[in-house]
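Peer 1: Pasting a predicted model and its sequence here:
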Amino acid sequence: MSGLVISGGRVVDPASGMDAIGDVAVLDGRIAAVGTGLGGAERQIDATGLVVAPGFIDLHAHGQSIPADRMQAFDGVTTSLDLEAGVLPVASWYKRQAEKGRVLNYGAATNWAFARIGAMTGSNAESSLESFGSAMRDRRWIDNVATETEVGGILDRIAGGLNEGGIGIGILNAYAPGAGVQELTAVCQLAAAHNVPTFTHVAYMSRIDPESAAEAYIRLIGYAGATGAHMHICHFNSSSKTDIERCVALIAKAQAQGLPITVEAYPYGTGSTVLAAAFFSDPKFEERNGLGYDSVQRVTDGHRFGSREELLAAQAAEPSTLVLWHVLDTENNAHHRDLLDMAVLYPGGAIASDAMPWTLSSGKPYTGDAWPLPDDATSHPRSAGCFTRFIREWVRERRAVSLMEGIRKCALIPAEILSESTPAMRSKGRLQAGADADIVAFDFEKLTDRATFTAMNRPAEGVRHLVVSGQPLIGDGVLDVAARPGRPVRRPVAAAS
């Protein structure tokens with residue numbers, strides 16, 4: 001046959017339960033067959049000794065650029081989606097991605113925060129890290145309850161993004177904690193009417209009331225119950241901080257009662273965000289989080305803040321600066337490791353990276369074409385090694401879950417979370433005839449993350465082959481730097497009236 005055959009590997013498909021030596025045949029961007037004796041293709045990949053699995057699907061990747069894609073490719077990712085934040089406007093974002101070409105499959109939700117910025121401040125800036133930081137200088141959209149007219153404007157902007165193919169609604173509630181329950185209820189009702197999920201960074205993350213993580217989850221559960229909207233919880237680990245045991249119990253009970261709630265987590269105890277995030281300026285930051293200001297570290301130079309005054313001054317001067325937030329000391333604290341396990345191993349939960357953009361020492365985002373990345377490119381280790389770290393530590397070393405379940409959390413579960421609302425996802429996350437040919441082949445014994453907090457731009461190791469949309473991207477561990485096989489993941493675009 002023509003096309004491509006990946007032969008002799010250990011084929012692991014969580015959708016069918018297959019775990020056996022076999023071949024995967026690819027033709028015209030799709031899987032043509034899975035079985036044995038499928039040779040005779042124009043191109044052969046010998047996968048003897050390798051695990052062959054559906055490519056990993058990242059629901060939460062902010063990088064959305066060629067360098068970010070390349071780093072995630074070595075992490076086994078074939079589809080990279082920005083759903084927690086999303087974009088606005090939606091159509092122009094997809095157009096730009098198609099024009100410049102993408103390495104991985106890509107897609108985005110509709111950005112609630114920028115709908116709020118536009119409706120409440122009059123700004124028409126397109127969503128980006130820089131414009132997000134700049135918008136934080138006008139705190140009306142952060143702190144104020146929206147008027148009835150403003151809520152109408154927010155909903156109109158979101159609906160426009162959904163009609164342009166946005167995958168759902170990204171709700172960065174923690175960055176605009178002043179948003180009222182009536183507004184968010186209306187946003188969730190809009191999501192239910194369009195049959196799309198919301199992807200929420202919950203409003204509060206403190207360990208103590210009021211405005212605790214538990215309160216935020218109770219609100220989210222209420223929105224799901226009252227509106228019927230599918231509420232997806234972003235980074236369950238970092239949103240719950242050290243109170244995750246209580247939060248896990250709340251969500252598990254809500255799910256047991258049939259509420260449409262899903263979760264994701266990443267396998268690190270350190271988070272990352274922009275310096276201007278509202279929760280850093282909370283006067284009771286230390287009390288409410290049980291952490292000092294030295295837990296906040298600037299990415300570009302490693303500087304840790306020494307006081308509230310220093311942090312507030314930096315917020316005013318450089319709001320878009322990326323910072324790390326060291327919350328769980330998983331290296332030295334066994335209880336913290338247990339807390340992270342509760343999120344990462346949550347039954348039915350997806351693995352998602354929350355990958356951050358790559359930034360140079362100048363503080364400017366890096367979106368260039370150099371490979372390897374420049375020596376001064378920084379981000380967060382999860383931007384390079386999230387999925388490989390999870391499989392190395394939780395699957396291979398600790399055997400906390402089987403390889404089948406590990407791949408399910410990295411590929412099939414993310415696809416299933418989106419499959420009802422986004423038809424394009426129904427053919428991803430599985431190795432079956434007719435599915436998209438997004439395939440990873442890795443050396444299970446050597447698969448490992450290499451990025452650290454002092455060397456963030458080290459690609460992961462062990463991914464020997466990666467096929468995206470039927471096109472080989474990594475072959476024998478070497479990246480094809482000219483390849484741009486990424487295709488859009490997008491909901492059907494509404495017909496013009």
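Peer 2: Cool, got the structure.
Peer 1: what's the closest non-adjacent residue to residue 369?
Peer 2: residue 66 (6.2 Å; C-beta to C-beta, 6 or more residues apart in numbering). To be clear about C-beta, it is placed using only N, CA and C from the backbone, and glycine gets the same treatment.
Peer 1: In the stretch 151-300 of the chain, what residue spans correspond to helices?
Peer 2: Under the criterion DSSP state H, counting those that start in this stretch, the stretch 151-300 of the chain contains helices at 181-194, 213-227, 236-240, 244-256, 285-289.
Peer 1: Oops, could you answer that again for the stretch 351-497 of the chain instead?
Peer 2: 382-390, 403-407, 413-419.
Peer 1: again, but for the stretch 1-150 of the chain
Peer 2: Ranges of helices within the stretch 1-150 of the chain are 66-73, 90-100, 112-121, 129-135, 140-143, 148-163, based on DSSP H, counting those that start in this stretch.
Peer 1: mean pLDDT for those helices: which is lowest?
Peer 2: Among the helices of the stretch 1-150 of the chain, helix 129-135 carries the lowest mean pLDDT, a mean of 89.
Peer 1: buried set for it?
Peer 2: Residues of helix 129-135 classed as buried by neighbour count (16 or more other C-beta atoms under 10 Å): 129, 132, 133, 134, 135.
Peer 1: likewise stretch 176-185?
Peer 2: Judged by neighbour count (16+ other C-beta under 10 Å), stretch 176-185 contains these buried residues: 176, 177, 178, 179, 183, 184, 185.
Peer 1: Might you report the residue contacts of the residue lying closest to residue 146 once chain neighbours are set aside?
Peer 2: Nearest residue to residue 146, sequence neighbours excluded (C-beta to C-beta, 6+ apart): residue 183, at 5.1 Å. Residues near residue 183 by C-beta atoms under 8 Å, 6 or more residues apart in numbering: 145, 146, 151, 154.
Peer 1: Make TSV from those and add distance to residue 448 and neighbour count to it.
Peer 2: Shown next, in TSV, are the contacts of residue 183 (distance: C-beta to C-beta, whole Å; neighbours: other C-beta atoms under 10 Å):
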residue	distance to residue 448	neighbour count
145	48	12
146	47	24
151	48	21
154	44	26
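Peer 1: Most tightly packed of the helices of the stretch 351-497 of the chain?
Peer 2: Comparing these by mean neighbour count (mean count of other C-beta atoms under 10 Å), helix 382-390 ranks first with a mean of 28.
Peer 1: Compute the inter-axis angle for it and helix 66-73.
Peer 2: 10 degrees (axes from the mean of the first three to the mean of the last three C-alpha atoms, to 10 degrees).
Peer 1: how about the buried residues of helix 129-135 in CSV, adding distance to residue 160?
Peer 2: Output for those, formatted as CSV (distance: C-beta to C-beta, whole Å):
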residue, distance to residue 160
129, 22
132, 19
133, 24
134, 22
135, 19
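Peer 1: quick check, nearest of those residues to residue 162?
Peer 2: residue 132 (20.5 Å; C-beta to C-beta).
Peer 1: Nearest residue to the middle of the protein?
Peer 2: With distances taken as C-alpha atoms, centre = their mean, residue 60 lies nearest the centre of the chain, 1.1 Å away.
Peer 1: list the contacts for the closest residue to that residue other than its chain neighbours?
Peer 2: Spatial nearest neighbour of residue 60, chain neighbours left out: residue 352 (3.9 Å); criterion: C-beta to C-beta, 6+ apart. Residue 352 makes contact with 58, 59, 60, 61, 234, 235, 264, 265, 266, 386, 414, according to C-beta under 8 Å, 6+ apart.
Peer 1: Thought residue 57 was touching the last one, still the case?
Peer 2: What that stands for is residue 414. Yes. Judged on C-beta atoms under 8 Å, residue 414 makes contact with residue 57 at a distance of 3.9 Å.
Peer 1: tell me, what's touching the two both at once?
Peer 2: Shared contacts of residue 414 and residue 57, defined by C-beta under 8 Å, 6+ apart, are found at residue 429.
Peer 1: Please work out which of the helices of the stretch 151-300 of the chain is packed deepest.
Peer 2: Of the helices of the stretch 151-300 of the chain, helix 236-240 is the most buried (mean count of other C-beta under 10 Å), at a mean of 26.
Peer 1: Contacts made by it with the rest, please.
Peer 2: With C-beta under 8 Å, 6+ apart as the test, helix 236-240 has contacts from 174, 201-202, 205, 213, 216-217, 233, 244, 247-248, 251, 263-266, 268-269, 271, 325, 327-328, 339-340, 343-344, 346, 349, 354.
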